[in-house]
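K.L.:
give me a 3D structure for the following:
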Amino acid sequence: MATKKSVENSGDKFIEEVKASLDEAEQLMREAAEATGDKAGELREKAMRSLRLTRDSLHDAQEAVVEHSVRAAKATDNYVHDKPWQAIGVAGVVGLMFGMLISRR
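P.N.:
Here you go, the predicted structure:
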């Protein structure tokens, strides 16, 4: 299982890669706007390829997050079925704390 630190590092790395890809596509589109003829078409193709790769990366990241969420939901469901009284106790404590925080305002 991944540690919180490694997940944060992966997320930071992914965000930096997406930003770099979008910056590259933006720069290519600017160059394409200034260029003419075959050069402009070539630059637009590169920019579109970069945007397509970024979109695919975001789609893959979304799938990973959904998969992780489903696994967490199943683990929670299994825990609640295996230990219902402990789950009720935890829910009660969380509800009590939440109620106290709300009433302080």
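
K.L.:
which other helices and strands does the helix or strand harbouring Glu16 contact?
P.N.:
If you go by DSSP states H and E, Glu16 is part of helix 4-34. The helices and strands touching helix 4-34, judged by 3 or more C-beta pairs under 8 Å, 6 or more residues apart in numbering; DSSP states H and E, are helix 37-82. To be clear about C-beta, it is placed using only N, CA and C from the backbone, and glycine gets the same treatment.

K.L.:
quick one, the helix holding Glu16 and helix 37-82 angle?
P.N.:
Helix 4-34 and helix 37-82 are oriented at 160 degrees to each other (axes from the mean of the first three to the mean of the last three C-alpha atoms, to 10 degrees).

K.L.:
so which bits of helix 4-34 are buried?
P.N.:
Val18, Ser21, Glu24, Ala25, Leu28, Met29, Glu31, Ala32 (16 or more other C-beta atoms under 10 Å).

K.L.:
quick one: which of those is nearest Ser57?
P.N.:
Compare each of the buried residues of helix 4-34 with Ser57 using C-beta to C-beta and the shortest gap goes to Val18, at 6.4 Å.
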